[in-house]
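**Q** From the sequence below, what's the structure:
(one chain, ligands or ions: 1)
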Amino acid sequence: MDTRPRRTYLNERPRRNRNTAGIRALARENFVRVDKLIEPLFLIDGNSRAEPISSMPGINRLSEDKALSHIEKSLGLGICSFILFPAVDDALKDKHASYSYRSDCFYLRVIRAIKQRFPEAVLISDVALDPYSSDGHDGIVRDGKILNDETLEVLGKMSLAQAEAGIDIIGPSDMMDGRVGFLREALDTAGFTETGIMSYTAKYASAFYGPFRDALASAPKFGDKKTYQMDPANAAEALREARLDAAEGADFLMVKPALAYLDIIHRVKEATDLPVVCYNVSGEYAMVKAAAEKGWLDGDKARDEMLLGFFRAGADAVISYFAHEFAAHRAAIS
Ligand code: PBG
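**A** You can find the predicted model right below:
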(Lines give C-alpha, C1' and ligand atoms only; values in the text may rest on other atoms or scores of the structure.)
Protein backbone atom coordinates (compact mmCIF):
# COMPACT_ATOMS: atom_id res chain seq x y z
CA MET A 1 0.00 0.00 0.00
CA ASP A 2 1.21 3.50 -0.86
CA THR A 3 1.49 5.47 2.38
CA ARG A 4 2.89 8.65 0.85
CA PRO A 5 0.64 11.69 1.31
CA ARG A 6 -1.24 12.48 -1.91
CA ARG A 7 -0.28 16.11 -1.79
CA THR A 8 2.59 18.07 -0.36
CA TYR A 9 1.17 20.81 1.85
CA LEU A 10 3.20 23.97 1.50
CA ASN A 11 1.85 27.10 3.10
CA GLU A 12 4.01 29.23 0.90
CA ARG A 13 4.68 28.68 -2.75
CA PRO A 14 6.72 31.67 -3.98
CA ARG A 15 6.55 30.29 -7.52
CA ARG A 16 2.84 31.26 -7.69
CA ASN A 17 3.94 34.88 -8.07
CA ARG A 18 6.17 33.95 -10.99
CA ASN A 19 3.59 32.01 -12.93
CA THR A 20 2.73 34.42 -15.74
CA ALA A 21 4.15 37.63 -17.16
CA GLY A 22 1.16 39.52 -15.76
CA ILE A 23 1.61 38.19 -12.24
CA ARG A 24 5.33 38.81 -12.38
CA ALA A 25 4.60 42.42 -13.35
CA LEU A 26 2.30 42.82 -10.33
CA ALA A 27 4.95 41.48 -8.01
CA ARG A 28 7.85 43.44 -9.52
CA GLU A 29 9.61 45.64 -6.99
CA ASN A 30 12.15 47.71 -8.89
CA PHE A 31 12.31 49.52 -12.21
CA VAL A 32 14.75 51.31 -14.43
CA ARG A 33 13.34 54.67 -15.46
CA VAL A 34 15.01 56.57 -18.26
CA ASP A 35 14.67 59.85 -16.32
CA LYS A 36 16.75 58.29 -13.52
CA LEU A 37 19.70 57.73 -15.85
CA ILE A 38 22.49 60.27 -16.31
CA GLU A 39 24.32 60.09 -19.62
CA PRO A 40 28.08 60.82 -19.60
CA LEU A 41 29.44 62.74 -22.60
CA PHE A 42 33.07 63.21 -23.61
CA LEU A 43 33.63 66.61 -25.20
CA ILE A 44 36.38 67.82 -27.52
CA ASP A 45 37.16 71.16 -29.07
CA GLY A 46 36.55 71.86 -32.74
CA ASN A 47 33.81 71.14 -35.21
CA SER A 48 32.17 68.12 -36.75
CA ARG A 49 34.27 65.74 -34.71
CA ALA A 50 33.04 62.40 -33.38
CA GLU A 51 35.99 60.25 -32.37
CA PRO A 52 35.28 56.67 -31.36
CA ILE A 53 36.92 55.40 -28.17
CA SER A 54 38.28 51.94 -28.90
CA SER A 55 37.81 50.54 -25.40
CA MET A 56 34.23 51.88 -25.21
CA PRO A 57 32.37 50.69 -28.32
CA GLY A 58 29.47 52.97 -29.18
CA ILE A 59 30.86 55.97 -27.26
CA ASN A 60 32.48 58.94 -29.02
CA ARG A 61 34.28 62.10 -28.09
CA LEU A 62 32.05 64.86 -29.47
CA SER A 63 32.64 68.42 -30.58
CA GLU A 64 30.06 71.08 -29.69
CA ASP A 65 27.87 70.65 -32.80
CA LYS A 66 27.90 66.84 -32.52
CA ALA A 67 27.19 67.03 -28.79
CA LEU A 68 24.19 69.28 -29.39
CA SER A 69 22.64 66.92 -31.92
CA HIS A 70 23.39 63.93 -29.70
CA ILE A 71 21.74 65.61 -26.70
CA GLU A 72 18.71 66.43 -28.80
CA LYS A 73 18.30 62.72 -29.53
CA SER A 74 18.82 61.73 -25.91
CA LEU A 75 16.25 64.26 -24.73
CA GLY A 76 13.85 62.85 -27.31
CA LEU A 77 14.37 59.43 -25.74
CA GLY A 78 13.50 60.78 -22.30
CA ILE A 79 16.99 61.24 -20.84
CA CYS A 80 17.04 64.46 -18.81
CA SER A 81 20.54 64.61 -17.33
CA PHE A 82 24.08 64.66 -18.66
CA ILE A 83 27.49 64.58 -17.00
CA LEU A 84 30.17 66.24 -19.10
CA PHE A 85 33.89 65.45 -19.34
CA PRO A 86 36.45 67.42 -21.38
CA ALA A 87 39.18 65.74 -23.44
CA VAL A 88 41.85 68.43 -23.40
CA ASP A 89 44.84 68.73 -25.77
CA ASP A 90 48.11 67.82 -24.06
CA ALA A 91 49.56 71.18 -25.10
CA LEU A 92 46.98 72.95 -22.88
CA LYS A 93 47.75 70.93 -19.76
CA ASP A 94 49.90 72.28 -16.94
CA LYS A 95 50.65 71.49 -13.31
CA HIS A 96 47.86 73.79 -12.07
CA ALA A 97 45.14 72.83 -14.53
CA SER A 98 44.82 76.53 -15.37
CA TYR A 99 43.03 75.85 -18.66
CA SER A 100 40.01 74.68 -16.64
CA TYR A 101 39.06 78.24 -15.69
CA ARG A 102 40.42 80.16 -18.67
CA SER A 103 37.72 82.24 -20.33
CA ASP A 104 38.48 80.57 -23.69
CA CYS A 105 38.20 77.03 -22.28
CA PHE A 106 36.18 75.03 -24.81
CA TYR A 107 34.45 72.99 -22.07
CA LEU A 108 32.91 76.16 -20.62
CA ARG A 109 31.89 77.27 -24.11
CA VAL A 110 30.14 73.96 -24.76
CA ILE A 111 28.32 74.11 -21.40
CA ARG A 112 27.03 77.56 -22.41
CA ALA A 113 25.96 76.33 -25.83
CA ILE A 114 24.07 73.32 -24.43
CA LYS A 115 22.35 75.41 -21.76
CA GLN A 116 21.31 77.99 -24.28
CA ARG A 117 19.85 75.44 -26.70
CA PHE A 118 18.36 73.04 -24.12
CA PRO A 119 17.70 75.00 -20.91
CA GLU A 120 15.69 72.08 -19.50
CA ALA A 121 18.61 69.61 -19.69
CA VAL A 122 20.28 68.98 -16.32
CA LEU A 123 24.02 69.49 -16.77
CA ILE A 124 26.53 68.08 -14.31
CA SER A 125 30.23 68.94 -14.53
CA ASP A 126 33.45 67.21 -13.57
CA VAL A 127 35.49 69.09 -11.01
CA ALA A 128 39.01 67.68 -10.70
CA LEU A 129 42.41 68.56 -12.08
CA ASP A 130 43.19 65.39 -14.04
CA PRO A 131 41.71 66.24 -17.46
CA TYR A 132 43.76 69.48 -17.45
CA SER A 133 46.81 68.37 -15.49
CA SER A 134 50.21 67.61 -17.02
CA ASP A 135 50.70 65.23 -14.08
CA GLY A 136 47.44 63.37 -14.75
CA HIS A 137 46.47 63.61 -11.10
CA ASP A 138 43.30 65.03 -9.56
CA GLY A 139 45.27 67.42 -7.37
CA ILE A 140 48.33 69.64 -7.47
CA VAL A 141 51.53 67.63 -7.24
CA ARG A 142 54.68 68.76 -5.45
CA ASP A 143 57.65 66.47 -4.85
CA GLY A 144 55.54 63.48 -5.77
CA LYS A 145 52.82 64.37 -3.23
CA ILE A 146 49.23 65.50 -3.84
CA LEU A 147 48.62 68.77 -2.00
CA ASN A 148 45.13 68.92 -0.52
CA ASP A 149 44.50 72.53 0.44
CA GLU A 150 46.34 74.07 -2.52
CA THR A 151 44.17 71.90 -4.77
CA LEU A 152 40.98 73.31 -3.23
CA GLU A 153 41.87 76.77 -4.55
CA VAL A 154 42.01 75.45 -8.12
CA LEU A 155 38.81 73.42 -7.69
CA GLY A 156 37.17 76.64 -6.47
CA LYS A 157 38.16 78.61 -9.59
CA MET A 158 37.09 75.73 -11.84
CA SER A 159 33.71 75.44 -10.09
CA LEU A 160 32.99 79.15 -10.30
CA ALA A 161 33.85 79.20 -14.01
CA GLN A 162 31.47 76.28 -14.58
CA ALA A 163 28.72 77.87 -12.51
CA GLU A 164 29.11 81.06 -14.49
CA ALA A 165 28.82 79.05 -17.73
CA GLY A 166 25.47 77.75 -16.47
CA ILE A 167 26.15 74.30 -15.08
CA ASP A 168 23.28 73.08 -12.89
CA ILE A 169 25.30 70.81 -10.60
CA ILE A 170 29.05 70.63 -10.11
CA GLY A 171 30.56 67.18 -9.65
CA PRO A 172 33.74 67.19 -7.57
CA SER A 173 35.47 63.89 -8.43
CA ASP A 174 38.85 64.68 -6.90
CA MET A 175 38.46 63.20 -3.39
CA MET A 176 40.33 66.01 -1.64
CA ASP A 177 39.37 66.53 2.00
CA GLY A 178 37.01 69.40 2.71
CA ARG A 179 36.25 70.22 -0.91
CA VAL A 180 32.47 70.06 -0.65
CA GLY A 181 32.36 72.68 2.11
CA PHE A 182 34.98 74.79 0.37
CA LEU A 183 33.12 74.73 -2.95
CA ARG A 184 29.72 75.35 -1.33
CA GLU A 185 31.07 78.45 0.34
CA ALA A 186 32.81 79.63 -2.83
CA LEU A 187 29.60 79.20 -4.86
CA ASP A 188 27.42 80.89 -2.25
CA THR A 189 29.81 83.80 -1.80
CA ALA A 190 29.73 84.42 -5.55
CA GLY A 191 25.92 84.30 -5.56
CA PHE A 192 25.53 80.81 -7.05
CA THR A 193 23.27 79.55 -4.29
CA GLU A 194 21.19 77.55 -6.78
CA THR A 195 24.14 75.59 -8.20
CA GLY A 196 24.07 72.11 -6.72
CA ILE A 197 26.86 69.75 -5.69
CA MET A 198 26.90 66.08 -6.63
CA SER A 199 29.82 64.85 -4.64
CA TYR A 200 31.87 61.80 -5.55
CA THR A 201 31.55 60.71 -1.95
CA ALA A 202 32.93 57.19 -2.02
CA LYS A 203 35.24 57.04 -5.00
CA TYR A 204 37.46 54.00 -4.92
CA ALA A 205 40.95 53.57 -6.41
CA SER A 206 39.66 51.23 -9.08
CA ALA A 207 40.94 49.29 -12.07
CA PHE A 208 37.55 49.86 -13.69
CA TYR A 209 38.42 53.43 -14.74
CA GLY A 210 40.86 52.21 -17.43
CA PRO A 211 38.79 52.98 -20.55
CA PHE A 212 37.83 56.45 -19.21
CA ARG A 213 41.49 57.36 -18.88
CA ASP A 214 41.96 56.25 -22.51
CA ALA A 215 39.04 58.46 -23.51
CA LEU A 216 40.58 61.55 -21.91
CA ALA A 217 44.26 60.56 -22.09
CA SER A 218 44.24 61.39 -18.38
CA ALA A 219 46.11 58.48 -16.79
CA PRO A 220 48.47 59.55 -13.98
CA LYS A 221 51.99 60.22 -15.29
CA PHE A 222 53.47 58.60 -12.19
CA GLY A 223 52.25 56.53 -9.27
CA ASP A 224 48.58 55.84 -8.59
CA LYS A 225 45.61 57.58 -6.95
CA LYS A 226 45.64 55.63 -3.70
CA THR A 227 46.44 58.59 -1.45
CA TYR A 228 43.13 60.22 -2.33
CA GLN A 229 40.81 57.58 -3.81
CA MET A 230 39.52 54.98 -1.38
CA ASP A 231 40.77 51.49 -0.63
CA PRO A 232 38.41 48.92 -2.24
CA ALA A 233 38.64 46.93 1.00
CA ASN A 234 36.78 49.58 3.02
CA ALA A 235 33.09 50.16 3.73
CA ALA A 236 32.92 52.11 7.02
CA GLU A 237 35.17 54.70 5.41
CA ALA A 238 32.44 55.34 2.81
CA LEU A 239 30.02 56.16 5.61
CA ARG A 240 32.56 58.55 7.07
CA GLU A 241 32.91 60.32 3.72
CA ALA A 242 29.11 60.39 3.39
CA ARG A 243 28.73 62.00 6.81
CA LEU A 244 31.31 64.68 5.95
CA ASP A 245 29.91 65.46 2.49
CA ALA A 246 26.39 65.77 3.88
CA ALA A 247 27.57 68.04 6.68
CA GLU A 248 29.52 70.16 4.19
CA GLY A 249 26.42 70.76 2.06
CA ALA A 250 26.37 68.14 -0.72
CA ASP A 251 23.03 67.78 -2.56
CA PHE A 252 23.72 64.29 -3.95
CA LEU A 253 26.13 61.60 -2.76
CA MET A 254 27.81 59.35 -5.30
CA VAL A 255 29.29 55.89 -5.03
CA LYS A 256 31.81 54.92 -7.71
CA PRO A 257 32.35 52.37 -9.25
CA ALA A 258 28.99 50.63 -8.94
CA LEU A 259 29.10 46.97 -9.89
CA ALA A 260 31.61 45.71 -7.34
CA TYR A 261 30.26 48.21 -4.77
CA LEU A 262 26.55 47.39 -4.48
CA ASP A 263 26.97 46.93 -0.73
CA ILE A 264 28.35 50.46 -0.48
CA ILE A 265 25.40 51.90 -2.43
CA HIS A 266 23.08 50.10 -0.04
CA ARG A 267 24.88 51.19 3.11
CA VAL A 268 25.27 54.81 2.07
CA LYS A 269 21.57 54.93 1.14
CA GLU A 270 20.62 53.57 4.58
CA ALA A 271 22.88 56.08 6.30
CA THR A 272 21.75 59.27 4.60
CA ASP A 273 18.62 61.23 3.77
CA LEU A 274 20.27 62.62 0.62
CA PRO A 275 19.68 61.09 -2.80
CA VAL A 276 22.35 58.54 -3.69
CA VAL A 277 23.78 58.23 -7.20
CA CYS A 278 26.09 55.50 -8.43
CA TYR A 279 28.50 55.61 -11.35
CA ASN A 280 28.40 52.57 -13.63
CA VAL A 281 31.96 53.26 -14.82
CA SER A 282 33.80 52.78 -18.09
CA GLY A 283 35.34 49.39 -17.24
CA GLU A 284 31.94 47.98 -16.30
CA TYR A 285 30.60 49.11 -19.66
CA ALA A 286 33.62 47.74 -21.53
CA MET A 287 33.35 44.32 -19.87
CA VAL A 288 29.78 43.81 -21.05
CA LYS A 289 30.53 45.15 -24.54
CA ALA A 290 33.61 42.94 -24.94
CA ALA A 291 31.85 39.78 -23.77
CA ALA A 292 28.81 40.53 -25.94
CA GLU A 293 31.05 41.11 -28.97
CA LYS A 294 32.55 37.67 -28.44
CA GLY A 295 29.07 36.21 -28.16
CA TRP A 296 29.76 35.15 -24.58
CA LEU A 297 26.72 36.87 -23.12
CA ASP A 298 23.60 38.65 -24.27
CA GLY A 299 24.67 42.30 -24.06
CA ASP A 300 21.13 43.75 -23.94
CA LYS A 301 20.03 41.49 -21.12
CA ALA A 302 23.26 41.92 -19.16
CA ARG A 303 22.91 45.72 -19.47
CA ASP A 304 19.31 45.71 -18.26
CA GLU A 305 20.09 43.38 -15.34
CA MET A 306 23.07 45.46 -14.30
CA LEU A 307 21.10 48.72 -14.32
CA LEU A 308 18.28 47.14 -12.36
CA GLY A 309 20.75 45.88 -9.77
CA PHE A 310 21.92 49.41 -9.03
CA PHE A 311 18.37 50.58 -8.33
CA ARG A 312 17.63 47.47 -6.26
CA ALA A 313 20.75 48.21 -4.21
CA GLY A 314 19.27 51.61 -3.36
CA ALA A 315 20.51 54.06 -5.97
CA ASP A 316 18.18 56.98 -6.69
CA ALA A 317 19.90 57.67 -10.01
CA VAL A 318 22.59 55.98 -12.10
CA ILE A 319 25.31 57.47 -14.29
CA SER A 320 25.85 55.03 -17.13
CA TYR A 321 27.37 54.83 -20.61
CA PHE A 322 24.44 52.51 -21.31
CA ALA A 323 21.94 55.36 -20.79
CA HIS A 324 21.45 56.23 -24.45
CA GLU A 325 21.25 52.67 -25.77
CA PHE A 326 18.99 51.62 -22.90
CA ALA A 327 16.63 54.50 -23.68
CA ALA A 328 16.71 53.72 -27.41
CA HIS A 329 16.06 50.04 -26.73
CA ARG A 330 13.17 50.89 -24.42
CA ALA A 331 11.66 53.24 -27.03
CA ALA A 332 11.98 50.56 -29.69
CA ILE A 333 10.16 47.88 -27.72
CA SER A 334 7.36 50.06 -26.36
C1 PBG B 1 38.59 61.77 -12.66
C2 PBG B 1 37.46 60.88 -13.03
C3 PBG B 1 37.63 59.53 -13.37
C4 PBG B 1 36.38 59.05 -13.72
C5 PBG B 1 35.45 60.10 -13.57
N6 PBG B 1 36.14 61.23 -13.13
C7 PBG B 1 38.84 58.70 -13.49
C8 PBG B 1 39.84 58.68 -12.42
O9 PBG B 1 39.60 58.97 -11.26
O10 PBG B 1 40.98 58.33 -12.78
C11 PBG B 1 36.14 57.66 -14.16
C12 PBG B 1 34.85 57.33 -14.81
C13 PBG B 1 34.80 56.06 -15.55
O14 PBG B 1 35.69 55.19 -15.46
O15 PBG B 1 33.81 55.88 -16.26
N16 PBG B 1 38.41 62.88 -11.96
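
**Q** need the residues of the stretch 151-300 of the chain near the ligand, please.
**A** 173, 209, 212, 213, 281, 282 (Cβ under 6 Å from any ligand atom). Quick note: C-beta positions are derived from backbone N, CA and C, even for glycine.

**Q** Could you do the stretch 1-150 of the chain as well?
**A** So the stretch 1-150 of the chain meets the ligand at 126, 128, 130, 138 (Cβ under 6 Å from any ligand atom).

**Q** Only the buried residues of the helix or strand of the chain with the lowest mean pLDDT, if you could.
**A** None of the helices or strands of the chain scores lower by mean pLDDT, DSSP states H and E than helix 210-216, at a mean of 91. For helix 210-216, a neighbour-count test (16 or more other Cβ atoms under 10 Å) marks 211, 212, 213, 214, 215, 216 as buried.

**Q** wait, which of these is closest to the ligand?
**A** residue 212 (3.2 Å; Cβ to the nearest ligand atom).

**Q** got a list of what the closest residue to residue 327 other than its chain neighbours touches?
**A** In space, and not counting its chain neighbours, residue 327 is closest to residue 77: 3.8 Å by Cβ to Cβ, 6 or more residues apart in numbering. By Cβ atoms under 8 Å, 6 or more residues apart in numbering, the residues touching residue 77 are 34, 324, 327, 328, 330, 331.

**Q** other SSEs contacting the helix ranked longest in the chain?
**A** Longest helix of the chain, by residue count under DSSP state H: helix 148-165. Helix 148-165 sits against helix 106-117, strand 140-142, strand 169-170, helix 179-189, with contacts defined as 3 or more Cβ pairs under 8 Å, 6 or more residues apart in numbering; DSSP states H and E.

**Q** 10 Å instead?
**A** If contacts are counted by 3 or more Cβ pairs under 10 Å, 6 or more residues apart in numbering; DSSP states H and E, helix 148-165 sits against helix 106-117, strand 122-124, strand 140-142, strand 169-170, helix 179-189.

**Q** what comes up buried for the longest one?
**A** Burial within helix 106-117, assessed by neighbour count using 16+ other Cβ under 10 Å, is assigned to 106, 107, 108, 110, 111, 113, 114, 115.

**Q** what inclination does it have with respect to helix 148-165?
**A** 30 degrees (axes from the mean of the first three to the mean of the last three Cα atoms, to 10 degrees).

**Q** so how far is helix 106-117 off the chain centroid?
**A** Distance of helix 106-117 from its chain centroid, counting by Cα atoms, centre = their mean, to the nearest Å, is 20 Å.

**Q** can you check the third one too?
**A** On the basis of Cα atoms, centre = their mean, strand 140-142 is displaced by 25 Å from the centre of the chain it belongs to.

**Q** so what strands line up beside it?
**A** Here strand 140-142 has these sheet partners by DSSP bridges: strand 145-147 (antiparallel).

**Q** I'd like the mean pLDDT over the partner strand, please.
**A** In this model, strand 145-147 carries a mean pLDDT of 96.

**Q** Could you check how far it is from the centre of its chain?
**A** With Cα atoms, centre = their mean, you get 25 Å for strand 145-147.

**Q** Any regions of the protein where pLDDT drops low?
**A** Across the chain, residues meeting the criterion (pLDDT under 70) sit at 1, 5.

**Q** Understood, closing this out.
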